[in-house]
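> Test case, fold it:
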Amino acid sequence: MFDVVVTVSAVLLCLSGAFFFLAGTLGLLRFPDAMSRIHALTKADNLGLGLIVLALTITSGSVSTALKILLIWLVALAASSSICFLLGRNILGQEQGGEASGDKAAHENSSGPSRPTNPISPISPKITQNPNPPET
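The predicted structure is shown next:
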């Protein structure tokens, strides 16, 4: 009897998780701007993954396996939140007049002197360097 309850609840949790993944995907495809797309995708996918992890945890055979699954979920949460934060910050910077690091066409078409971009992090503060150092 207990096995049937665990199996049915695991199936319901997996279906609920799949529903939230589907909702996040629809939000990604249907929302008008990038910030709302990121918001829909992050919230729905984190909740969907949490429900699926909960289903896997209650059906796992041992505590060590359940802890490993929970650790994987925490790492996925941290990675997803960090990446979405960085994407949102980059998008906000572009909307406020900043530049994307891969936007070379804007550099070539601008009339002013070109500024070096940071190839490592497009959202880090730009270090302005004088392209024409003073002659000595």
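
> from here on, contacts and neighbour counts on C-alpha atoms
Will do.

> Name the SS class of the residue most central in space within the chain, please.
Most central in the chain under C-alpha atoms, centre = their mean is C84, positioned 3.3 Å from the mean C-alpha point. Under DSSP: H, G, I helix; E, B strand; the rest coil, C84 falls in the helix class.

> if I pick it, what's in contact with it?
Contacts for C84 (C-alpha atoms under 8 Å, 6 or more residues apart in numbering) come out as 38, 42.

> Going forward, the N-terminal residue is numbered 409.
From this message on, residue numbering opens at 409, which makes the last subject C492.

> Distance of it relative to L482?
Going from C492 to L482 by C-alpha to C-alpha, to the nearest Å gives 15 Å.

> can you check S472 too?
15 Å.

> which one of those two has more residues nearby?
In this view S472 and L482 are compared by other C-alpha atoms under 10 Å, and L482 has more residues nearby, 14 against 10.

> Any stretches of the chain with poor pLDDT?
Counting by pLDDT under 70, the chain contains low-confidence ranges at 506-544.
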